[in-house]
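S.K.: Attaching a predicted model along with its sequence, questions to come.
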Amino acid sequence: MSNHTVQKAGSSGRAARAAGAEAVRPAGKLPLPALLALATAVFTTSLTETLPAGVLPAMSGDLGVGEAAMGQSVTIYAVGTALTAIPLAAATAGWRRKRLLLTAVAGFAVANTVTAVSTHYPLTMAARFLAGVAAGLAWSLLAGYARRLAPVHLQGKAIAVVMTGIPVALALGVPAGTFLGAALGWRVTFLLMTVLALVLIAWIVLTVPDHPGEPRGGRAPLRRTLALPGVAAVLFVTLVLVLAHTVLYTYVAAFLDHLGMGDSTGLVLLVFGGASLVSIWFTGLHIDRRLRALTLAGTVLFAVAAGVLAVPSGNGVLVYGAALLWGLGWGGAPTLLQTAVGDAGGDAADTAQTMLVSLWNAAMAGGGVAGGLLLDLLGAGALPWSVLGLLLPVLIVVTVARTHAFPARRPRDEG
């Protein structure tokens with residue numbers, strides 16, 4: 001871990017956490033049952049966010065609003081996370097980690113149940129906002145929780161295991177939810193998400209070790225955390241990279257329709273999701289030794305994919321190839337960025353990761369708006385060009401920030 005120090009408050013916070021975690025941190029292996037429970041929490045978070053995209057026509061018809069208005073149910077989820085992650089993380093800093101995680105998962109159960117039974121658009125949107133708040137709670141602790149459950153030399157792999165929930169949700173969860181929505185109704189899909197949350201609560205109770213929260217005054221202030229070498233660079237890369245991804249992913253159906261491949265959206269997303277799974281597996285194997293190389297390679301692969309899509313060819317094989325490269329470039333990004341900001345933050349890792357969560361979701365909300373404006377003003381063909389423009393500064397910052405933000409090798413814990 002990083003050697004940066006955030007004065008005495010951060011040091012005492014770290015010491016308290018280490019003392020409380022020593023009894024449950026394994027000496028040389030990953031606690032897979034616990035990590036898979038956290039991965040399922042990530043899956044629940046990601047699928048709850050993106051599920052409306054797969055059942056949008058049915059939801060809009062049932063609630064009596066247009067599809068554009070119903071699409072904002074995804075945006076308001078991201079807004080809920082972006083607005084509340086930092087203040088809620090500060091307010092609950094002293095809570096024990098297991099209690100906080102269980103509270104977040106219970107929030108998903110409540111929000112998805114209300115979404116499933118609601119017959120009024122405003123109530124549905126309120127439930128979606130609540131789901132976003134629960135996501136903010138979950139995201140602010142999941143990466144740090146994974147780090148504490150693993151020995152230092154396996155922390156990157158632990159985060160990679162937990163982050164598999166994202167590509168699994170995109171590659172399998174959304175298509176499965178879409179299929180079930182068509183077969184059984186969209187309300188059933190949200191009720192099944194409630195059932196999953198309840199099962200997950202029992203899983204967490206049985207398998208996930210508890211850890212103490214921060215002592216009073218132990219959480220590092222935002223401004224001091226942002227001033228730590230490397231933290232601002234990682235946060236900038238997160239903001240711009242997620243913005244680029246969201247601009248294209250949110251409107252990929254419209255872009256494929258522009259290419260005359262509207263009927264292939266599901267298959268293209270399946271290729272993307274499968275490649276993302278391969279990417280996160282590969283990232284988990286090599287992140288502790290090659291964080292910098294993996295971040296550079298992922299950015300370049302994403303840029304090449306955008307370049308292929310930007311040049312009209314009418315060749316479906318090239319589109320599938322671009323989806324493959326996009327997934328390979330993007331899949332490991334959550335793991336790489338969470339690990340990088342945790343290392344750069346050092347004793348202030350929890351605060352740094354909470355800031356990353358807020359920026360991530362702000363970028364998702366902004367990407368949905370920016371992509372929509374591009375679509376209306378310039379057409380679908382402008383989307384991959386905008387991605388290329390955004391990835392250029394990402395590549396520059398990752399290249400330059402070689403000492404603290406994206407080092408060739410992850411720093412080790414001195415203790």
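M.R.: Happy to help now that I have it.
S.K.: which of the residues in the helix or strand harbouring Val397 are buried?
M.R.: Per DSSP states H and E: Val397 is located in helix 382-400. Buried residues in helix 382-400, counted by 16 or more other Cβ atoms under 10 Å: 382-388, 390-391, 394-395, 397-398. Heads up, the C-betas are built off the backbone N, CA and C, glycines and all.
S.K.: from the chain's centre, how far out does that helix sit?
M.R.: How far helix 382-400 lies from its chain's middle: 19 Å, per Cα atoms, centre = their mean, to the nearest Å.
S.K.: next structured bit after the helix ranked longest in the chain?
M.R.: Selection of the longest helix in the chain by residue count, based on DSSP state H, yields helix 265-310. The helix or strand immediately downstream of helix 265-310 is helix 316-330, counting by DSSP H and E.
S.K.: Would you mind listing the outside residues contacting that next one?
M.R.: For helix 316-330, the surrounding residues in contact (Cβ atoms under 8 Å, 6 or more residues apart in numbering) are 167, 245, 248, 256, 259, 261, 264, 267-269, 271-276, 278-279, 297-306, 308-309.
S.K.: With stretch 184-202 instead?
M.R.: 37, 40-41, 44, 47-48, 51, 55, 58-59, 62, 102, 105-106, 108-109, 112-113, 115-117, 177, 180-181.
S.K.: Give the buried residues for it.
M.R.: 186-187, 189-194, 196-197, 200-201.
S.K.: I'd like those residues laid out as CSV, including distance to Ala78 and secondary structure.
M.R.: Output for the buried residues of stretch 184-202, formatted as CSV (distance: Cβ to Cβ, whole Å; DSSP: H, G, I helix; E, B strand; the rest coil):
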residue, distance to Ala78, secondary structure
Trp186, 20, helix
Arg187, 23, helix
Thr189, 20, helix
Phe190, 18, helix
Leu191, 23, helix
Leu192, 22, helix
Met193, 17, helix
Thr194, 21, helix
Leu196, 21, helix
Ala197, 19, helix
Leu200, 22, helix
Ile201, 24, helix
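S.K.: Can you lay out the residues you listed as TSV showing pLDDT and distance to Arg96?
M.R.: Output for the buried residues of stretch 184-202, formatted as TSV (pLDDT from 0 to 100; distance: Cβ to Cβ, whole Å):
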residue	pLDDT	distance to Arg96
Trp186	87	36
Arg187	92	35
Thr189	91	33
Phe190	93	30
Leu191	94	30
Leu192	93	29
Met193	94	26
Thr194	95	25
Leu196	95	24
Ala197	95	20
Leu200	96	18
Ile201	96	15
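S.K.: Quick one: residues contacting the closest residue in space to Ala380 that isn't next to it in sequence.
M.R.: Leaving aside its sequence neighbours, Ala380 sits nearest to His258 (Cβ to Cβ, 6 or more residues apart in numbering; 3.6 Å). Residues in contact with His258 (Cβ under 8 Å, 6+ apart) are 379-381.
S.K.: Output the below-cut-off pLDDT ranges for the stretch 1-150 of the chain.
M.R.: Scanning the stretch 1-150 of the chain for pLDDT under 70 picks out 1-28, 67-68.
S.K.: all strands for it, in order.
M.R.: Along the stretch 1-150 of the chain, counting by DSSP state E, counting those that start in this stretch, no stretch forms strands.
S.K.: Tell me which stretches of it form helices.
M.R.: With DSSP state H, counting those that start in this stretch as the criterion, the stretch 1-150 of the chain has helices at 7-21, 32-54, 56-63, 67-91, 97-117, 121-149.
S.K.: Grab the nearest non-local neighbour of the residue nearest the centre of the chain.
M.R.: The centre of the chain sits closest to Pro334, judged by Cα atoms, centre = their mean, with a distance of 5.7 Å. Spatial nearest neighbour of Pro334, excluding adjacent residues (Cβ to Cβ, 6+ apart): Met163 at 4.7 Å.
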